[in-house]
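Novice: coordinates only, sequence not included:
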Ligand code: C2O
């Protein structure tokens with residue numbers, strides 16, 4: 001931190017300290033986190049004393065919280081301008097994400113599976129610590145953008161010279177996310193952790209399989225924003241990245257709050273996974289999954305667990321923009337009590353992002369909407385490993401599954417979602433096989 005940084009920060013710190021904020025002992029450590037239970041409802045933020053991550057869409061752009069965040073990001077950006085290799089600068093934080101998020105090697109790739117929620121939680125925790133250190137403000141909490149409640153990019157992220165701005169966005173301040181892309185509550189309703197948050201790799205399909213939250217809401221929002229955010233290699237350079245991921249983190253915390261920690265996987269292979277980051281002291285730090293399961297053990301909590309509902313009826317099929325029709329090859333419609341899903345197996349990962357609304361139809365069955373998902377490209381290392389294929393699955397309502405039993409010639413139709421500033425992608429996705437089956 002430079003001297004001028006220090007002066008600005010000190011003024012503000014005095015204000016926050018005057019508001020009675022102090023860091024509880026042990027709040028920022030990792031120790032023993034795995035053993036901590038997660039209460040069914042969040043304790044009152046004020047009562048627990050931990051820094052509170054708040055909704056930036058509800059904060060005025062000139063509020064103290066937003067000013068503090070802008071200032072912190074400004075410091076990180078200035079460090080990278082002085083020295084692009086500075087491990088405590090904005091650019092190198094973005095690179096830390098790019099290394100793991102655009103890797104073509106399944107072992108290093110933290111999307112498409114059960115590393116998704118844990119790796120990004122750890123990354124945001126490190127990110128928040130970089131900001132705390134840069135600001136000299138141990139109470140700083142990263143704000144989140146809940147796109148289900150605030151469908152426009154929040155006002156705090158716009159404006160010339162604003163460190164929170166990014167000039168590569170393809171949406172403007174008045175553009176609103178389409179209703180069906182905001183399917184976070186659909187993911188939240190999924191009880192099985194893997195179906196919600198991501199599958200182990202390797203798994204029975206031999207492919208990487210995303211959870212519902214990742215392939216839907218998470219990818220949809222990334223891609224809708226466009227520019228840096230629509231590419232895993234560049235997303236870390238978009239200041240909306242931590243805000244959107246913070247909300248994904250909050251969705252995970254809400255999922256656990258509803259079900260208890262017992263709903264989390266107990267597989268030692270998951271709990272013992274380790275990720276490495278460069279921390280705020282420019283030192284390598286290794287973080288283990290078992291220590292990432294409770295945000296409170298990481299020194300933060302969320303202000304609430306409320307999410308906006310869908311406002312519109314399901315989309316209707318519009319094939320004017322083209323579409324992909326694929327016969328459903330096999331249908332398992334009953335038995336064993338497992339949820340039934342529409343599964344796309346062995347998809348090649350496309351070179352461009354692909355966002356589609358998915359419908360099922362057949363003889364006597366009008367096109368019925370089943371969900372909206374996005375596939376984001378993986379750019380690094382020739383894509384060889386992921387080209388082996390990735391699997392996507394969409395949950396089917398019971399009534400539809402029952403109906404399908406009497407329908408012949410069932411086909412899935414993928415209708416690409418037209419997005420501002422982009423040509424309509426056609427035939428970018430080539431599903432290897434489409435089935436209706438038990439959830440994996
Ligand atoms: Cu690692 Cu939302 O991306």
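Specialist: Sure, I can see it. This structure is a prediction, so every number in the text was calculated from the model and none was measured. Numbers count the residues shown, from 1 in each chain.
Novice: At the contact with the ligand, which residues of the stretch 151-300 of the chain appear?
Specialist: For the stretch 151-300 of the chain, the residues in contact with the ligand (Cβ under 6 Å from any ligand atom) are 218, 222, 232, 235, 245. Every C-beta, even on glycine, is put in place using the N, C-alpha and C of the backbone.
Novice: Give the helix, strand or coil label for the first one.
Specialist: For residue 218, the secondary structure call by DSSP: H, G, I helix; E, B strand; the rest coil comes out as helix.
Novice: right, and it touches residue 246 too?
Specialist: No: in this structure, residue 218 is not within contact of residue 246 by Cβ atoms under 8 Å, at 11.9 Å.
Novice: Would you state the strands of the stretch 301-440 of the chain in chain order?
Specialist: Per DSSP state E, counting those that start in this stretch, the stretch 301-440 of the chain carries strands over the ranges 301-302, 324-327, 330-331, 340-347, 354-362, 365-375, 390-395, 411-416, 433-438.
Novice: who's in contact with the closest residue to the ligand within the chain?
Specialist: In the chain, the residue that lies nearest the ligand is residue 101 (3.5 Å; Cβ to the nearest ligand atom). The contact partners of residue 101, taken as Cβ atoms under 8 Å, 6 or more residues apart in numbering, are 109-111, 232-233, 235-236.
Novice: Contacts only, for residue 317.
Specialist: Counting by Cβ under 8 Å, 6+ apart, residue 317 has contacts 323, 357, 359, 361, 367, 369, 413, 415.
Novice: Equivalent analysis for residue 311, please.
Specialist: Residue 311 sits next to residue 179 when contact means Cβ under 8 Å, 6+ apart.
Novice: try 10 Å
Specialist: Neighbouring residues of residue 311 by Cβ atoms under 10 Å, 6 or more residues apart in numbering: 151, 179, 182.
Novice: The second one against residue 312, yeah?
Specialist: Yes: Residue 179 is within contact range of residue 312, at 4.3 Å (criterion: Cβ atoms under 10 Å).
Novice: neighbour-wise, which of these two wins?
Specialist: Counted by other Cβ atoms under 10 Å, residue 179 and residue 312 do not tie: residue 179 has more neighbours, with 18 against 8.
Novice: how many neighbours does the nearest residue to residue 339 once chain neighbours are set aside have?
Specialist: Once flanking residues are discounted, residue 339 sits nearest to residue 439: 4.6 Å by Cβ to Cβ, 6 or more residues apart in numbering. Per other Cβ under 10 Å, the neighbour tally for residue 439 reads 16.
Novice: and if you look at residue 175?
Specialist: Residues contacting residue 175 under the criterion other Cβ under 10 Å number 15.
Novice: same check, this time on the one 5 residues further on
Specialist: Applying other Cβ under 10 Å, we find 19 other residues in the vicinity of residue 180.
Novice: for it, helix, strand, or coil?
Specialist: helix.
Novice: That one contacts residue 357, doesn't it?
Specialist: Yes: the pair residue 180 / residue 357 is scored as a contact, 6.6 Å apart, by Cβ under 10 Å.
Novice: returning to what we had before: okay, the contacts of residue 317 in CSV with pLDDT, neighbour count and distance to residue 132 next?
Specialist: Below are the contacts of residue 317 laid out as CSV (pLDDT from 0 to 100; neighbours: other Cβ atoms under 10 Å; distance: Cβ to Cβ, whole Å):
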residue, pLDDT, neighbour count, distance to residue 132
323, 85, 18, 48
357, 95, 24, 41
359, 97, 26, 47
361, 97, 17, 53
367, 96, 18, 51
369, 97, 17, 44
413, 94, 19, 49
415, 92, 25, 45
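Novice: now those as TSV including distance to the ligand?
Specialist: Shown next, in TSV, are the contacts of residue 317 (distance: Cβ to the nearest ligand atom, whole Å):
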residue	distance to the ligand
323	26
357	21
359	26
361	32
367	30
369	25
413	27
415	24
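Novice: ok so, going back, narrow the residues of the stretch 151-300 of the chain next to the ligand to just the buried residues.
Specialist: For those, a neighbour count by 16 or more other Cβ atoms under 10 Å gives the buried set as 218, 222, 232, 235, 245.
Novice: if I've got this straight, the last one is in a strand?
Specialist: This means residue 245. No: counting by three-state DSSP, residue 245 falls outside a strand, being helix.
Novice: Give me the nearest residue to it, chain neighbours excluded.
Specialist: Closest residue in space to residue 245, ignoring its immediate chain neighbours: residue 120 at 5.0 Å, by Cβ to Cβ, 6+ apart.
Novice: any chance you could read off phi and psi for that neighbour?
Specialist: Main-chain dihedrals, residue 120, degrees, to the nearest 10: phi -70, psi -30.
Novice: Now do the nearest residue to residue 114 once chain neighbours are set aside against residue 162, distance only.
Specialist: Closest residue to residue 114 apart from its sequence neighbours, by Cβ to Cβ, 6+ apart: residue 198 at 4.3 Å. Going from residue 198 to residue 162 by Cβ to Cβ, to the nearest Å gives 34 Å.
Novice: who has more neighbours, the two?
Specialist: Between residue 198 and residue 162, counting by other Cβ under 10 Å, residue 198 is the more crowded of the two (26 against 15).
Novice: That one touches residue 214, doesn't it?
Specialist: Yes: applying Cβ under 10 Å, one finds residue 198 in contact with residue 214, separated by 6.1 Å.
Novice: shared neighbours of those two, which are they?
Specialist: Common neighbours of residue 198 and residue 214, counting by Cβ under 10 Å, 6+ apart, are 111-113, 116-117.
Novice: Show me which positions of stretch 48-61 end up buried.
Specialist: Using 16+ other Cβ under 10 Å as the test for burial, stretch 48-61 gives 50-57, 59, 61.
Novice: of those, list those near the ligand.
Specialist: Among the buried residues of stretch 48-61, not one lies near the ligand by Cβ under 6 Å from any ligand atom.
Novice: Next, format those as CSV and append distance to residue 139.
Specialist: CSV is the format used below for the buried residues of stretch 48-61 (distance: Cβ to Cβ, whole Å):
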residue, distance to residue 139
50, 9
51, 5
52, 9
53, 12
54, 12
55, 18
56, 17
57, 21
59, 16
61, 21
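Novice: mind listing what residue 367 touches?
Specialist: 316-319, 357, 359-361, 411-413, 415.
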